[in-house]
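*Asks:* Quick one, what's the 3D model for this:
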Amino acid sequence: MTEHQPAFPFFVPYVRELNSAERALLQRILSQEAPAMLPQLEGLRVVGRCGCGACPTVFFEEHRPDKPYRDVALYSGRDASGGLVGVALMESHGRLSQLEFYSVDGHERWAVPEPSSIEPTDKGHA
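*Replies:* As a prediction, the model looks like this:
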């Protein structure tokens, strides 16, 4: 049996500040789901992105397959094109680790959803 290898690297180093859309989304999600984690927004930086090059998924710490991650919150909302985008905020050992995005309805050229449009997603359907 061969192990499936993705066609692109999952984690690509990419260091920058949070952009305004990411910050607004994190502020909204953390305010509703994990207020105790709100202080982590100060000084939070992106250290990597998804290797697909098409999605806006970002990492706040280097991804390691052997490190445990868990969902803080699962949401979905509409991006500027009106498409439905899923959002998964993850943490590891109490620290925000990843903000993952995915197209729920299969539309192409999707982006970070508008913060005002996001709603919690049933955790059983993430």
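
*Asks:* gap between the residue nearest to residue 60 when sequence neighbours are not counted and residue 23?
*Replies:* Spatial nearest neighbour of residue 60, excluding adjacent residues (C-beta to C-beta, 6 or more residues apart in numbering): residue 96 at 5.1 Å. C-betas here are computed from N, CA, C, even on glycine. Separation of residue 96 from residue 23 (C-beta to C-beta, to the nearest Å): 12 Å.

*Asks:* Repeat that for residue 82.
*Replies:* Counting by C-beta to C-beta - residue 82 and residue 23 are separated by 23 Å.

*Asks:* And these two? Which one has more around it.
*Replies:* Using other C-beta atoms under 10 Å as the criterion, residue 82 and residue 23 rank with residue 23 on top: 14 against 10.

*Asks:* backbone phi and psi for the more buried one, please?
*Replies:* In terms of degrees, to the nearest 10, the main-chain angles of residue 23 are phi -60, psi -40.
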